[in-house]
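> Predicted structure and sequence below. I'll ask about it afterward.
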Amino acid sequence: MPTSFHFKLYSLLVVIASIIAALIIRPNPSVDHQMSGNTVGETDDCDLVVTPENPAREDGTLDYIRCAALHKCLVQKVLDAEGKRLEEIEGGSFFQHYGHAADEIRDRLSPSLAAFLESIFISDELPPFFFWVDSISHPSHLFFHDDLLNDDGEMPHRVVTLYMTNLGLGGGHTMGLLYDQKLHRATMTLDLEDGEFVLPAEMHGELWHPLETVLSNWIHMVKIGKITASQDEAPNEKYGPWTWQPYGESQVHTTVAAFERLVDAIEERMPIEQSVEPRQERLLSHEHLSEAGVPDNCFIRSILTQIRRPRFKMIAPGLEVPHDPVAFANNQKFTTMNFESKYGAVIPPVLIFASAERRVVDLDPPDRYTAFNPFCKAFKDGVPPGDRSIVAGLYSESVERFAVDVAEEGFRLLLPFRFRDLGLDNGAKKSDGNQVEKGSVADLFQHGFKPFGGEWWRAQRLEALLDHWRYLVETGVWMVGPEGVQGSIDKFRNAGMDESDDYVIKPSW
């Protein structure tokens, strides 16, 4: 039978299922209209986030009931921050609120997406829905980018702009959260240029996720304090009550835990005579860090004063644990630079795990339009052309706390060689599947395009790197010997060879 017949039959079945679900779950239309009740039984809406124990739906359909509950969770958080109550706000469902304009585009919506829009509360009085998006798109905007997003002859309105990007975040060409009505998956594009990373969806499957997964990641970022909602002033831009934080306090604890997991994985694989009770003393003290020029009250200071001292020397190929506080301080180049700013606090990059052979990094760009130094302006300016004093290794991220979309919890791995240089490799990849920039020295393990939101240049989280290194140890990609992980720093060259997938962290925020 023709594909169009199957789609129409499937659509009819979804409509029938939606009607039955609505009758069972929403017996009181006025309660649904005001969103004052729970969507699934007595379960709190925010408890419906995607977890390993409660995964997203993977059957190719939209779990619109769960998504509506998660949408409501974020609405409630932003209202709580502004001291407002939902019952005091005028509004209704998408179709109630927009009336004729919404009814006109209903036939272009899949039945399950229409059911989602019927289940959520829309009002002009609501603050911005989240840091990256203002609200559910107006009916006229849902298909505004049709000519750019859709070339499916059988389903001409397949991809919709479900949520609109906050003005100011996407330059002058904002887009938003895209939703694929055929695959029932979503991805966050700040602007038109981001569309190049994700379309067609079939070729970029790792960047499209169930809608409940996207909403759950946003809720998680609020829960850990990376994005906060309040009426407080912020050192950077705010979107309604939403503020982007340099890091969330709970990220310190989860990163320390990730380090402990990596250390345990290495120590468990060391020769028996080396496998004794783990040490309990901290790796570095506050005094050691002050001598190294590490600022007070920053993410990396909190990490280095809480993690325990491992029993081994090498934590990754060619990278050593800073057992000697004096050597640790002497390795720091960026913390001694002048990085004061009249706009606010600046946090310098800190060399955490240095090259055991003290190999150095060539940060010279090939031209004035390309920059291989990944750090803030002060630390770009502090490394003159031809400088070869920057030791290779794992650095914490530099941050201007007055800027937006920064990651103080991030890292940069600076390597003593270039990727994709002189055609010597197939090209190391970033999380989005694209190759690192030709000649780059600091792109390995980084994000690229972020399917849950954010600029491509924001650093990957240190927690994610430590967990990925543990994976490389546990799967035998990295071998362990008496001193820890074996091999020189040149082993990272494998990222550009046939083992490139081993050196890619899965896409995340």
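Arrived safely, thanks for sending. This one's a predicted model, so the numbers in the text were calculated from it and none came from an experiment. Residues are numbered from 1 along each chain as shown.
> What does the pLDDT read for T174?
Looking at T174, its pLDDT reads 84.
> give me the beta-bridge partners of it?
Beta bridges link T174 to D191, judged by DSSP bridges.
> who touches it in this structure?
By Cβ atoms under 8 Å, 6 or more residues apart in numbering, the residues touching T174 are 164-167, 190-192. Using the backbone N, CA and C atoms, a C-beta is placed for each residue, glycine as well.
> for G195, same thing?
Contacts of G195 by Cβ under 8 Å, 6+ apart are 145, 148-149, 175, 178, 189.
> got the CA positions of the strand or helix carrying it in PDB?
Here G195 sits within helix 195-198, counting by DSSP states H and E. Extracted C-alpha coordinates of helix 195-198, given in PDB (Å, rounded to 0.1, in the frame of the first residue of the first chain):
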ATOM      1  CA  GLY A 195      20.000  24.100  11.000                       C
ATOM      2  CA  GLU A 196      23.100  23.000   9.000                       C
ATOM      3  CA  PHE A 197      24.200  20.800  11.900                       C
ATOM      4  CA  VAL A 198      20.900  18.800  12.300                       C
END
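> Tell me the helix or strand right after it.
Next along from helix 195-198, by DSSP H and E: helix 211-223.
> about what we covered before: may I ask which of the contacts of G195 has the most neighbours?
Comparing the contacts of G195 by number of neighbours (other Cβ atoms under 10 Å), T189 comes first, having 28 neighbours.
> now, which of the contacts of G195 sits nearest N373?
T189 (27.8 Å; Cβ to Cβ).
> distance of the closest residue in space to that closest one that isn't next to it in sequence from E193?
Spatially, and ignoring its direct neighbours in sequence, T189 is nearest to M175 (4.5 Å; Cβ to Cβ, 6 or more residues apart in numbering). Shown here: M175 relative to E193, a distance of 9 Å by Cβ to Cβ, to the nearest Å.
> Report the separation between I136 and F130.
From I136 to F130 the distance is 11 Å (Cβ to Cβ).
> intersection of neighbour lists for those two?
With Cβ under 8 Å, 6+ apart as the test, I136 and F130 both reach Y163.
> Counting neighbours, go ahead and name the busier of those two.
With neighbours defined as other Cβ under 10 Å, I136 and F130 compare such that F130 has more, 28 against 25.
> How about the contacts made by the more buried one?
Contacts of F130 by Cβ under 8 Å, 6+ apart are 74, 78, 163, 218, 227, 242.
> Checking it next. Helix, strand or coil?
coil (DSSP: H, G, I helix; E, B strand; the rest coil).
> Check the one 5 residues further on too.
With three-state DSSP as the basis, the three-state label of S135 is strand.
> What is the burial count for it?
19.
> Just want the phi and psi numbers for F334.
phi -70, psi -30 (degrees, to the nearest 10).
> wait, it sits on V399?
No. In this structure, F334 is not within contact of V399 by Cβ atoms under 8 Å, at 11.9 Å.
> Between these two, which is the more surrounded one?
Higher neighbour count among F334 and V399: V399, with 25 against 22, using other Cβ under 10 Å.
> Now do the more buried one against G393, distance only.
V399 is 19 Å from G393, by Cβ to Cβ.
> go on, A495?
Taken as Cβ to Cβ, the span from A495 to G393 is 16 Å.
> And P310, by the same measure?
P310 is 16 Å from G393, by Cβ to Cβ.
> the more surrounded of those two?
Neighbour count, other Cβ under 10 Å: between P310 and G393, G393 has more, with 26 against 22.
> Just list the residues touching that one, thanks.
Here G393 is in contact with 319, 331, 351-355, 413-414 (Cβ under 8 Å, 6+ apart).
> Show me which of these is closest to Y247.
Using Cβ to Cβ, the contacts of G393 come closest to Y247 at I352, 15.4 Å.
> for the chain, what helix or strand is lowest in average pLDDT?
Sorting the helices and strands of the chain by mean pLDDT, DSSP states H and E puts helix 29-34 at the bottom, at a mean of 29.
> Low-confidence bits of the stretch 1-150 of the chain, can you list those?
1-43, 150 (pLDDT under 70).
> and what of the stretch 151-300 of the chain?
Ranges of the stretch 151-300 of the chain meeting pLDDT under 70: 151-154, 170-172, 273-279.
> Can you give me the neighbour number for M188?
27.
> how many neighbours does the residue nearest to it when sequence neighbours are not counted have?
Counting by Cβ to Cβ, 6+ apart, the nearest residue to M188 once its immediate chain neighbours are dropped is G453, at 4.2 Å. Applying other Cβ under 10 Å, we find 24 residues neighbouring G453.
> Then the one 10 residues further on?
The tally of other residues near E463 (other Cβ under 10 Å) stands at 21.
> give me phi/psi at it?
phi -60, psi -40.
> And D47, by the same measure?
phi -80, psi -10.
> Around it, count how many other residues there are.
Neighbours of D47 (other Cβ under 10 Å): 13.
> try V441
By other Cβ under 10 Å, 25 other residues sit near V441.
> ditto for the one 10 residues further on
P451 has 29 neighbours, counted by other Cβ under 10 Å.
> what are the ranges of the strands in the stretch 301-450 of the chain?
For the stretch 301-450 of the chain, the strands defined by DSSP state E, counting those that start in this stretch cover 314-316, 319-320, 346-347, 351-355, 393-396, 399-400, 411-414.
> which of those is buried the deepest?
strand 393-396 (a mean of 26; mean count of other Cβ atoms under 10 Å).
> can I get the CA coordinates of that one in PDB?
Extracted C-alpha coordinates of strand 393-396, given in PDB (Å, rounded to 0.1, in the frame of the first residue of the first chain):
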ATOM      1  CA  GLY A 393      47.800  18.800  29.500                       C
ATOM      2  CA  LEU A 394      44.200  19.000  30.900                       C
ATOM      3  CA  TYR A 395      43.200  22.500  31.900                       C
ATOM      4  CA  SER A 396      40.200  23.900  33.600                       C
END
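> Run through the residues that contact S140.
Contacts of S140 (Cβ under 8 Å, 6+ apart): A101.
> Which is the succeeding secondary structure element to the helix or strand harbouring it?
Using DSSP H and E, S140 maps to helix 139-142. Sequence-wise, the next helix or strand downstream of helix 139-142 (DSSP H and E) is helix 146-149.
> How far away from the center of its chain is that following helix?
26 Å (Cα atoms, centre = their mean, to the nearest Å).
> I'd guessed V321 sits against F312; true?
Yes. The criterion here is Cβ under 8 Å, and V321 meets it with F312 at 7.0 Å.
> Show me the common contact partners of these two, please.
Common neighbours of V321 and F312 (Cβ under 8 Å, 6+ apart) are G484.
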